[in-house]
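# Sharing a model prediction with you, sequence too.
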Amino acid sequence: MTRSRGIGKTTLLLQYIKDNLDVDETLYVQADDVYFASRTLIELVEEFSKNRGKYLFIDEIHKYAGWSQALKSIYDYFPELKIVFTGSLEILKGSADLSRRALMFKMQGLSFREYLFFFHNIEVEIFGLQDILEHKTDSFSVRHPLPLFKDYLQRGYYPFGIHDTMFRRRLNQVIIQTLETDIPIYANMSVSTGKKLGKLLKIISQSVPFKPNFTKIATMLAASRNNIDDYCYLMELAGLIMQLRDKGEGIGQLGKVDKVYLDNPNLIFTLEERQPEVGNIRETVFFNQMRVRNDVFRSEKADFNINNITFEVGGKSKTQKQIEGMQNAYIVKDDIEYGYKNVVPLWAFGLNY
């Protein structure tokens, strides 16, 4: 299981163990535990297996030296064990070695739907894209969703946001660790190069959204043009930004990057020193929530294209002008509780997963 820092991997493991497993048959361990200063992971697993252990959970596996080879040996020599491991960006390096032995999942931050359950104990079913467009979310159990949605935009994507008194400080720490530790280690970067990532993220965070001019940015950062492409790709892998692309030609082809967004609205509120631009927030949360189950591309005439459906995102006063004469096109409006015809409330797309 892999994804960016702070999105609840450890919480998920511990909650699953608590709700589903016999603790006498289960072991949870952090890969950077001081235990491993004098013993190996293989030794731990051997002892656990002898004591009739069945379920092994290893958190932050990439912090254990030689973790990929160790896991391969464990899979081969202890086939009776069920093993779950987590890691951040560095885990991608060894995932190919384990492709025949392990299933890898990319974990997302909380959707609006998951936030409702985790923060407020409100259970809501998952609505697919077609369900949302057909206004089936009108059966939503919360009478007035907008105040909850606004809170979600500021602190609801990361599970630790439930303890909101220190939320911004903790999220800033996540950002710094990702930029100055995770990405440089993964990409074998120098410290000075790692600091350029922070400058680039600042440039992106101050845009609404960011239309990349990589040549200009390269000059500002004293870096090569090609390196900027790489920096953005690495920050996208690490869960700090999203890149909206044209629909590429041919199977599996990625198109040109049209816009760059921060990965989620919580990052906008944390990084933006001024009042965040509301249009940027709206586009960001739509892109962020829909990308999990859909391929999202740039639209020729509006904001987004998903499955050849056009979406224009705006406030409650948004008109049909942008999509006038277009087939299979929708207006996504913020600050409305319910939709009608081809107008859909923005919050409804947060029920997609």
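That came through fine.

# State whether residue 261 and residue 242 are indeed in contact, as I suppose.
Yes: under the criterion of Cβ atoms under 8 Å, residue 261 makes contact with residue 242 at 4.7 Å. In this view, the C-beta of every residue, glycine as well, is placed from N, C-alpha and C.

# Quick check: neighbours shared by those two?
284, 287, 288 (Cβ atoms under 8 Å, 6 or more residues apart in numbering).

# Specify which member of the residues you listed is nearest to residue 340.
residue 287 (23.6 Å; Cβ to Cβ).

# So between residue 261 and residue 242, which is more surrounded?
residue 261 (26 against 20; other Cβ atoms under 10 Å).

# Over to the more buried one. Which of the three states is it?
Here residue 261 is strand, with the state taken from DSSP: H, G, I helix; E, B strand; the rest coil.

# swap in residue 62?
Secondary structure assignment for residue 62 (three-state DSSP): helix.

# What distance do you get for it to residue 93?
Using Cβ to Cβ, to the nearest Å, residue 62 is found at 8 Å from residue 93.

# more neighbours, the two?
Per other Cβ under 10 Å, whichever of residue 62 and residue 93 has more neighbours is residue 62, with 23 against 14.

# Tell me if I'm right that that one and residue 87 touch.
Yes: the criterion here is Cβ under 8 Å, and residue 62 meets it with residue 87 at 4.1 Å.

# So residue 12 belongs to a helix, correct?
Yes: assessed by three-state DSSP, residue 12 belongs to a helix.

# how near is it to residue 322?
40 Å.

# again, but for residue 343
According to Cβ to Cβ, residue 343 and residue 322 sit 13 Å apart.

# Need the overlap of contacts for the two.
Shared contacts of residue 343 and residue 322, defined by Cβ under 8 Å, 6+ apart, comprise residue 331.

# residues near residue 351, how many?
Neighbour count of residue 351, defined by other Cβ under 10 Å: 23.

# next one: residue 161
Using other Cβ under 10 Å, residue 161 has 23 neighbouring residues.

# so it sits in a helix?
Yes: per three-state DSSP, residue 161 lies within a helix segment.

# quick one, what contacts residue 301?
Taking Cβ under 8 Å, 6+ apart as the contact definition, residue 301 lies against 310, 322, 323, 326.

# Run the chain-centre distance for the top helix by length along the chain.
Assignment by DSSP state H gives helix 191-205 as the longest helix of the chain. Distance of helix 191-205 from its chain centroid, counting by Cα atoms, centre = their mean, to the nearest Å, is 19 Å.

# Now the next helix or strand after that helix - C-alpha only, PDB.
Counting by DSSP states H and E, the element after helix 191-205 in chain order, helix or strand, is helix 214-221. Provided in PDB are the C-alpha atoms of helix 214-221 (Å, rounded to 0.1, in the frame of the first residue of the first chain):
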ATOM      1  CA  PHE A 214       8.500  25.300 -18.000                       C
ATOM      2  CA  THR A 215      11.200  27.400 -19.800                       C
ATOM      3  CA  LYS A 216      10.400  30.400 -17.600                       C
ATOM      4  CA  ILE A 217      10.300  28.400 -14.400                       C
ATOM      5  CA  ALA A 218      13.600  26.800 -15.300                       C
ATOM      6  CA  THR A 219      15.200  30.200 -15.500                       C
ATOM      7  CA  MET A 220      13.600  31.200 -12.100                       C
ATOM      8  CA  LEU A 221      15.000  28.100 -10.400                       C
END
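
# gap between helix 214-221 and the chain center?
Taking Cα atoms, centre = their mean, one finds the center of helix 214-221 at 27 Å from the center of the full chain.

# Next, the angle helix 191-205 makes with the following helix or strand past that helix.
Per DSSP H and E, the first helix or strand lying C-terminal to helix 214-221 is helix 225-237. Angle, helix 225-237 to helix 191-205, by axes from the mean of the first three to the mean of the last three Cα atoms, to 10 degrees: 70 degrees.

# Which is the succeeding secondary structure element to helix 225-237?
strand 241-247.

# what packs against that following strand?
helix 225-237, strand 254-262, helix 278-290, strand 296-298 (3 or more Cβ pairs under 8 Å, 6 or more residues apart in numbering; DSSP states H and E).

# That one pairs with which strands, and in what direction?
Partner strands and pairing direction for strand 241-247 (DSSP bridges) are strand 254-262 (antiparallel).

# Need the residues that contact the next helix or strand after the partner strand.
Sequence order places helix 265-271 as the next helix or strand after strand 254-262, per DSSP H and E. Helix 265-271 is contacted from outside by 109, 153-158, 161, 168, 171-172, 175, 201-202, 205, 240, 262, 276, 280-281, 284-285, 288, using Cβ under 8 Å, 6+ apart.

# Can I get helix 265-271 in CSV? Just the C-alpha atoms.
Extracted C-alpha coordinates of helix 265-271, given in CSV (Å, rounded to 0.1, in the frame of the first residue of the first chain):
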residue,chain,number,x,y,z
PRO,A,265,-7.8,21.7,-1.4
ASN,A,266,-6.4,21.2,2.1
LEU,A,267,-2.9,22.0,0.6
ILE,A,268,-4.3,25.2,-0.9
PHE,A,269,-5.5,26.5,2.5
THR,A,270,-2.2,25.5,4.1
LEU,A,271,0.2,26.9,1.5
